[in-house]
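A.B. asks: return a 3D structure for these sequence lines:
(2 chains)
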2 protein chains.
Amino acid sequence: MTEKVDLIVKNGTVLSFDENDSRFANGAVVIKDGVIVDIGEQFDILDGYEAKDVIDVDGDLIMPGLINGHTHAAMSALRGYSDDLPLDQWLEQVIPAENKIMGKEMVYWGTLVSAAEMIRSGITTVCDAYFFEEDAVRAFVKSGMRAVCAQGVVDFPTPQWEDPETKFEIVEKFLESFPKDEESTVYPALFVHAPYTASPETYHRARDLASKSGARLFTHLAETEGEVEDIKKKYGRTPVRHLENEGVLNENFTAVHVNWVDEQEIEILSGYGSSVVVCPGSGAKLAAGVAPVTSFINAGIPVGLGTDGPASNNRQDLFYEMDILAKLQKVTSKDPTSIKAKTVLATALFLGAEAVGMEDRIGCLKKGMAADIIIVDLTRPHAAPLFDYPSHLVYSARGFDVKTSIINGRVVYHWGKVYPFDEPGAIARLFEIGNQLR
Amino acid sequence: MTEKVDLIVKNGTVLSFDENDSRFANGAVVIKDGVIVDIGEQFDILDGYEAKDVIDVDGDLIMPGLINGHTHAAMSALRGYSDDLPLDQWLEQVIPAENKIMGKEMVYWGTLVSAAEMIRSGITTVCDAYFFEEDAVRAFVKSGMRAVCAQGVVDFPTPQWEDPETKFEIVEKFLESFPKDEESTVYPALFVHAPYTASPETYHRARDLASKSGARLFTHLAETEGEVEDIKKKYGRTPVRHLENEGVLNENFTAVHVNWVDEQEIEILSGYGSSVVVCPGSGAKLAAGVAPVTSFINAGIPVGLGTDGPASNNRQDLFYEMDILAKLQKVTSKDPTSIKAKTVLATALFLGAEAVGMEDRIGCLKKGMAADIIIVDLTRPHAAPLFDYPSHLVYSARGFDVKTSIINGRVVYHWGKVYPFDEPGAIARLFEIGNQLR
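C.D. replies: Numbering: from 1, shown residues only, chains lettered A, B, ... in the order given. Here you go, the predicted model:
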């Protein structure tokens, strides 16, 4: 008797990234209802299944999809609009431009183009944060991506609300109207912008709403030295200690960036079971800083890896981001052993899943996990020879090496073609939106 | 009357990178005998020519090919063999492995696979340095690349010579037997490994041989803090001052890496008209350091950009290298304005050409320059929208965006296909060579 399943991916090297780092030289993954129902050497397992579809990867690499722990996907509309400026001038240029184009259209099309960029480079889950986030949700649903969609919260007026007093009505509506379908691959969250743009009361209310609704709470924290100084002046404490003092830290909390913290603050974050997502490329490009990733990991803090928004980085490719994470850790610590390729990979996979509260579903390939799988081409010259997979994936591979992306058991990208939507049409719409700024 | 020419590349945005930064919105480049004979708006110039071949780039970007100022191409054979180790352990692992496989076969096939990697990512000129360099020359000739091929010189035994006393016989033979064809795209050079592996006498002799033969002299210099300490102990001077004292610095000299120099040493290099090639990705991955690129440029030193060898980086992609150059400058100086995208591009183009003594031939597109041209795809989502070409090329584009590479008027790469040689065959040979280390 054979079991009927939806999809078998076979005939490649499977790197599972499970607790045992299981690898299968001639491996296969069996998928039903969006979930992995079997995984192993293909000759051991495939006799038991009859699949509607089979993908023969012909020797390529089969691995879990990558998790982008932080972006503002809609900001692709502002990609490259303003670079190489000091932060104050950057804000002066970008914020008026952003306010001019921000709205339902910009968020939908900007997010959709970013989704195309991400699934092309093997990102299967993204944690997004922006305004008009219900339109980002629409785009991510359309794209087929798995997405944690965080509505942005800030104490000043935005194109989404004139009166900041009304913002939590909008947030509550966002949480209530969120797709509740069991099969859904989008999940609600809240994103309070930062301690310098949101009051303690705003953090309290967001924390309580997050807990009540089961949504995760994210915030930008300790991104620049200037922020640390400003928060100390205003509240008498550094950013992490300020949020601790306000009762915001808990297991449901993820701090993003976290470039400027001392050893004691790392212990504080660890003690509350809070998580961190770092954005090394953005931190370097904006000269904001380099997060102490090795110290976070040593303290047992789950660390995720984010690209940040495409107006800051300007590329949403986690293969690239893994490489620069490793290189920045090494060169700033003057220690080439300070982080290893395997650890770097963890931040984009199972450790990154933990950092956003999704370790029961994504980040490795094993029975019962979501079928979020990518196929990496190993035939091009920069993959030759191949002594060590983690080294290759971190230091040689790039997003373009991804041949196929599968999310929740569905092929969303294969060899140059994005399936769930009209990619050239979305790009054309984004150019029209960008043209409003010329 | 129309003039008969070999190739016209037309119907794209031409970025010339000439002295006036000329751009042509509907541009064309006209090529004859490997040289650019005309360039401009296509409707202004094309009536005058009749071409054997025409490439219609359909709105893509036409720009000069990139110049990789430093690699050890043959070391692709050791890509990823040893990573994340301290320098002493890295040397302990890599040098015996390298000695085991180094030879004519390893150099030929390793170089050929690296050539494929480079022309796929828009590198049209490379400055290579290794042993058995006559076999690298064979590979570069086969590949169609423009290549400065530097025979390595070091004071200890190597697989190329048992007795270091004989090394200059080999070097002289290399220089004498070098292809002297006027049409040739390979050029001879010398590479003395470093002040800690070569005596002052070796530097003197290499300098004299270089001057006599018209070859350029390269050396690794001031790569690590440890090297600076060692050279000070041994010679009483820092590496740059040591080579100045030995009379090695002149206009024909290019120092590679140069991470650890003071302001006065920068003035010394500038005073002699010497050049610098930096390798930011390698410097970061090996935790060697970050070169003061902005200070070099302010001092008027021609600065080139190199990938370094694929055992150190592990990717030969100058688009990636431009991005990390910018980010490392910004984050280590804590100043996001410290280098601009246009300046970064210059290091991979006309400034890089000057750094290796080839500014009369390559680095920009204008009449009389070599027809080394790349076509960059602008249709993918990470290119949308597009406000500023330099920003896009440095912060968003990657080598994979290169659609076509033309060297000396010849199409060597187009959309996934390397033309001058059997790429899959070369990759298979490199895997065989790598397998000797398993």
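A.B. asks: quickly note the distance from A:Ser76 to A:Tyr419.
C.D. replies: A:Ser76 sits 20 Å away from A:Tyr419, going by CB to CB, to the nearest Å. In short, each C-beta sits where N, CA and C put it, glycine included.
A.B. asks: pretty sure A:His70 sits against A:Val277.
C.D. replies: Yes: with contacts counted by CB atoms under 8 Å, A:His70 reaches A:Val277, the gap being 4.7 Å.
A.B. asks: show me where the stretch 101-250 of chain A has strands.
C.D. replies: A:123-130, A:146-153, A:186-192, A:216-221 (DSSP state E, counting those that start in this stretch).
A.B. asks: out of those, deepest packed?
C.D. replies: Most buried of those, by mean neighbour count (mean count of other CB atoms under 10 Å in any protein chain shown): strand A:123-130, with a mean of 29.
A.B. asks: what's it packed up against?
C.D. replies: In terms of contacts (3 or more CB pairs under 8 Å, 6 or more residues apart in numbering or on different chains; DSSP states H and E), strand A:123-130 is packed against strand A:66-71, helix A:104-120, helix A:133-143, strand A:146-153, strand A:186-192, strand A:402-407.
A.B. asks: re earlier: who has more neighbours, A:Ser76 and A:Tyr419?
C.D. replies: A:Ser76 (32 against 14; other CB atoms under 10 Å in any protein chain shown).
A.B. asks: mind checking the SS state of the more buried one?
C.D. replies: helix (DSSP: H, G, I helix; E, B strand; the rest coil).
A.B. asks: can you check the pLDDT for it?
C.D. replies: pLDDT, A:Ser76: 97.
A.B. asks: sorry, back to before: would a markdown table of the strands of the stretch 101-250 of chain A with mean pLDDT be doable?
C.D. replies: Compiled in a markdown table, these are given as follows (pLDDT from 0 to 100):
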| stretch | mean pLDDT |
| --- | --- |
| strand A:123-130 | 98 |
| strand A:146-153 | 98 |
| strand A:186-192 | 97 |
| strand A:216-221 | 98 |
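A.B. asks: tell me which of these sits nearest to A:Pro179.
C.D. replies: strand A:186-192 (6.0 Å; CB to CB).
A.B. asks: next, show the common contact partners of A:His70 and A:Val277.
C.D. replies: A:127, A:218, A:256, A:304, A:306 (CB atoms under 8 Å, 6 or more residues apart in numbering or on different chains).
A.B. asks: where does A:Gly26 land on pLDDT?
C.D. replies: Quick fix: residue A:26 reads Asn, not Gly. The model's pLDDT for A:Asn26 equals 97.
A.B. asks: who touches the closest residue to it other than its chain neighbours in this structure?
C.D. replies: Counting by CB to CB, 6 or more residues apart in numbering or on different chains, A:Asn26 lies nearest to A:Gln42, which is 5.4 Å off, once chain neighbours are set aside. Contact partners of A:Gln42, counting by CB under 8 Å, 6+ apart, are A:10-11, A:24, A:26-28.
A.B. asks: of those residues, just the buried ones, PyMOL syntax please.
C.D. replies: Per 16 or more other CB atoms under 10 Å in any protein chain shown, the buried members of these correspond to this PyMOL selection:
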select buried, chain A and resi 10+11+24+27+28
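A.B. asks: narrow the contacts of A:Gln42 to those in strands?
C.D. replies: A:10-11, A:24, A:26-28 (DSSP state E).
A.B. asks: name the residues of the stretch 201-350 of chain A found near chain B, please.
C.D. replies: A:225, A:281, A:283-290, A:310, A:313-317, A:320, A:323-324, A:326-328, A:330-341 (CB under 8 Å from any CB of the partner chain).
A.B. asks: mind running it again at 7 Å?
C.D. replies: A:281, A:283-287, A:289-290, A:314-315, A:324, A:327-328, A:330-331, A:334-337, A:340-341 (CB under 7 Å from any CB of the partner chain).
A.B. asks: can you turn the buried part of those into a ChimeraX selection?
C.D. replies: To isolate the buried ones among those in ChimeraX, judged by 16+ other CB under 10 Å, type:
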select /A:281,283,284,285,286,287,289,290,314,315,324,327,328,330,331,336,340,341
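A.B. asks: out of the residues of the stretch 201-350 of chain A next to chain B, which sit inside helices?
C.D. replies: Cross-referencing those against helices under DSSP state H gives A:281, A:283-285, A:324, A:327-328, A:330-331, A:341.
A.B. asks: who touches the closest residue to chain B within the stretch 151-300 of chain A in this structure?
C.D. replies: For the stretch 151-300 of chain A, the residue closest to chain B is A:Ala284, as judged by CB to the nearest CB, at 3.6 Å. For A:Ala284, the contact set (CB atoms under 7 Å, 6 or more residues apart in numbering or on different chains) comprises A:324, A:328, B:327-328, B:330-331.
A.B. asks: what's the answer for A:Leu217, then?
C.D. replies: A:190, A:206-207, A:210, A:252-253.
A.B. asks: mind listing the residues bridging to it?
C.D. replies: A:Leu190, A:Phe253 (DSSP bridges).
A.B. asks: nearest residue to A:Ala194 other than its sequence neighbours?
C.D. replies: A:His220 (4.2 Å).
A.B. asks: thought the one you found was touching A:Phe191?
C.D. replies: No: if you go by CB atoms under 7 Å, A:His220 and A:Phe191 don't touch, sitting 8.3 Å apart.
A.B. asks: picking up where we left off before, how about JSON lines for the strands of the stretch 101-250 of chain A, with distance to B:Lys104 added?
C.D. replies: Supplementary listing: these in JSON lines, determined by distance: least, CB to CB, whole Å:
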{"stretch": "strand A:123-130", "distance to B:Lys104": "43"}
{"stretch": "strand A:146-153", "distance to B:Lys104": "51"}
{"stretch": "strand A:186-192", "distance to B:Lys104": "58"}
{"stretch": "strand A:216-221", "distance to B:Lys104": "56"}
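A.B. asks: read off the pLDDT value for the residue most central in space within chain A.
C.D. replies: For chain A, the residue nearest the mean C-alpha position is A:Asn68 (1.8 Å; CA atoms, centre = their mean). At A:Asn68, the model reports a pLDDT of 98.
A.B. asks: against A:Ala147, how distant is it?
C.D. replies: Distance from A:Asn68 to A:Ala147, by CB to CB: 9 Å.
A.B. asks: between the two, what contacts are shared?
C.D. replies: Between them, A:Asn68 and A:Ala147 have A:125-126 as joint contacts when contacts are counted by CB under 7 Å, 6+ apart.
A.B. asks: residues contacting whichever residue of the stretch 251-400 of chain A sits closest to chain B?
C.D. replies: Nearest to chain B, among the residues of the stretch 251-400 of chain A, is A:Pro385, at 3.0 Å (CB to the nearest CB). A:Pro385 makes contact with B:77, B:79, B:430-431, B:434 under the criterion CB under 7 Å, 6+ apart.
A.B. asks: can you list the residues that contact stretch A:401-413?
C.D. replies: Taking CB under 7 Å, 6+ apart as the rule, stretch A:401-413 contacts A:6-7, A:31, A:34, A:55, A:60, A:65, A:119-122, A:124, A:144-146, A:185, A:370-377, A:380, A:414-415, A:418-420.
A.B. asks: phi, psi of A:Arg410?
C.D. replies: Geometry field for A:Arg410 lists phi and psi as phi -110, psi 130, criterion degrees, to the nearest 10.
A.B. asks: quick check: bridge partners of it?
C.D. replies: A:Ile407.
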